[in-house]
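1. Based on what follows, work out the 3D shape:
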Amino acid sequence: MGKYLLRRILQMIPVVLGTTLLVYALVFALPGDPVKAMFGDKPVNEAVAAQIRAEYNLDKPFIVQYLLFLKNALTLDFGKTFSGQLVIDVIGRAFPVTIKLALMAFVFEAVFGVIFGVISGLKKGKWCDTVILIFSLLLISVPTFVTGFLCQYFLGVKWHLLPVTAGTNPGFLDLLMPAMVLGSVSMAYIIRLSRTEISSNIALDYVRTARAKGMDNKSVMLRHVLRNSTIPVVTYLGQDLGALMGGAMISETIFNVHGIGYLTYQSILKGEGNLVVSIVTLLMLIFVVCNLLVDMLYAALDPRIRYA
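-> Numbers count the residues shown, from 1 in each chain. Model (predicted):
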């Protein structure tokens, strides 16, 4: 396990460097002058603008800016925003909200996705299987922002079951609807993935052998079918935890959740390139770490992976 873990960590290094370079290049290539955008419609004093560019290293070539950012990022020094606030402090205020939202969405999609997937797999071809498949197909097909507006209208405006928007310092109920919307598409994929694995594993020889030896159906399902069926589901869930952190922009914007996604959207509008790159870098690191943890769990569930 130690060699496997070391190999996976070494593979992360070029991924992190390549991703940060690509994101920084995309932000650098954005049209417009962020310094002039700070002044809005007011006339720009060229001496002041030059001083601001020098302060934020905007007057240096791209590769120099990137190396300076990388050097400072190693010590968690991401610089300041154009308003003078530390980037790490701005991210620190928004990050706990997104973590809470992502964890709620993760629990929602994992619990209901596996439950509906197991029911559908065990009842393959029955009416409940058809209903669940149609439901999951609708969730995959309908865009997230449409699902969000529909939930706002029915659950919030029409039926008054949940708050329509979250705002600052949201509680559990404030984040429940955004979490459901954020995890809805992933839940649909987990339903279909669980259904496929359950229905295929039931028909395999080891299940028939276990039943032929006299093992009751409950033990066969828990000890054999479900354990082998959860390996791809666990892999998907682990990767999706990192994706939920970065994919919260639409949900947070619709429900006015002041988290990382909302902050990223506002930073793009204001031309805060340093803040955008810092946010994406942190989210990418979280995604990579989640993948590493999933690989370790995968190797624990299936020892053959360690020696692959």
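2. alpha carbons only for contacts and neighbour counts from here, please
-> OK.
3. need the helices for the stretch 101-250 of the chain, in chain order.
-> Ranges of helices in the stretch 101-250 of the chain, per DSSP state H, counting those that start in this stretch, are 127-141, 144-151, 172-202, 205-212, 217-220, 226-246, 249-254.
4. my read: residue 12 touches residue 288, true?
-> Yes: with contact defined as C-alpha atoms under 8 Å, residue 12 counts as touching residue 288 (7.1 Å).
5. returning to that earlier point: go through the helices of the stretch 101-250 of the chain and name the closest to residue 65.
-> helix 226-246 (24.3 Å; C-alpha to C-alpha).
6. Pipe the helices of the stretch 101-250 of the chain into a markdown table and attach mean neighbour count, distance to residue 78 and mean pLDDT per row.
-> A markdown table is the format used below for the helices of the stretch 101-250 of the chain (neighbours: other C-alpha atoms under 10 Å; distance: least, C-alpha to C-alpha, whole Å; pLDDT from 0 to 100):
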| stretch | mean neighbour count | distance to residue 78 | mean pLDDT |
| --- | --- | --- | --- |
| helix 127-141 | 15 | 37 | 94 |
| helix 144-151 | 17 | 32 | 92 |
| helix 172-202 | 23 | 28 | 92 |
| helix 205-212 | 13 | 54 | 79 |
| helix 217-220 | 14 | 53 | 76 |
| helix 226-246 | 19 | 19 | 80 |
| helix 249-254 | 22 | 21 | 86 |
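7. As a markdown table, these with distance to residue 83 would be great.
-> Converted to a markdown table, these look like this (distance: least, C-alpha to C-alpha, whole Å):
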| stretch | distance to residue 83 |
| --- | --- |
| helix 127-141 | 40 |
| helix 144-151 | 31 |
| helix 172-202 | 29 |
| helix 205-212 | 63 |
| helix 217-220 | 61 |
| helix 226-246 | 24 |
| helix 249-254 | 22 |
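8. and residue 91, which of the ones you listed is closest to it?
-> Of the helices of the stretch 101-250 of the chain, nearest to residue 91 by C-alpha to C-alpha is helix 226-246, at 12.9 Å.
9. which other helices and strands contact the closest one?
-> The contact analysis (3 or more C-alpha pairs under 8 Å, 6 or more residues apart in numbering; DSSP states H and E) places helix 226-246 against helix 87-122, helix 172-202, helix 260-270, helix 273-301.
10. same thing but at 7 Å, please
-> helix 87-122, helix 172-202, helix 273-301 (3 or more C-alpha pairs under 7 Å, 6 or more residues apart in numbering; DSSP states H and E).
11. Any idea which of the helices of the stretch 101-250 of the chain gets closest to residue 117?
-> With distances scored as C-alpha to C-alpha, the stretch of those nearest to residue 117 is helix 172-202 (4.0 Å).
12. how much does that closest one deviate in direction from helix 87-122?
-> 40 degrees (axes from the mean of the first three to the mean of the last three C-alpha atoms, to 10 degrees).
13. what's helix 172-202 packed up against?
-> helix 87-122, helix 127-141, helix 144-151, helix 226-246, helix 249-254.
14. Export those helices as JSON lines, with columns for distance to residue 164.
-> Formatted as JSON lines, these follow (distance: least, C-alpha to C-alpha, whole Å):
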{"stretch": "helix 87-122", "distance to residue 164": "15"}
{"stretch": "helix 127-141", "distance to residue 164": "20"}
{"stretch": "helix 144-151", "distance to residue 164": "9"}
{"stretch": "helix 226-246", "distance to residue 164": "21"}
{"stretch": "helix 249-254", "distance to residue 164": "9"}
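15. Which one of those lies nearest to residue 48?
-> helix 87-122 (21.9 Å).
16. Looking at that closest one now, give me its mean pLDDT.
-> Averaging pLDDT along helix 87-122 yields 92.
17. Kindly report the same for stretch 289-308.
-> Taken as a whole, stretch 289-308 carries a mean pLDDT of 66.
18. What lies in contact with stretch 170-189?
-> The contact list for stretch 170-189 (C-alpha atoms under 7 Å, 6 or more residues apart in numbering) reads 101-102, 104-106, 108-110, 113, 136, 139-140, 144, 147-148, 162-163, 165-166, 248, 251, 255.
19. typo on my end, it should be stretch 10-24
-> 66, 277, 281.
20. just these now: which is nearest residue 36?
-> residue 277 (19.7 Å).
21. where's that closest one relative to residue 78, distance?
-> For residue 277, the distance to residue 78 (C-alpha to C-alpha, to the nearest Å) stands at 9 Å.
22. Quick one: end-to-end length of stretch 28-44, please.
-> Stretch 28-44: ends 21 Å apart by C-alpha to C-alpha.
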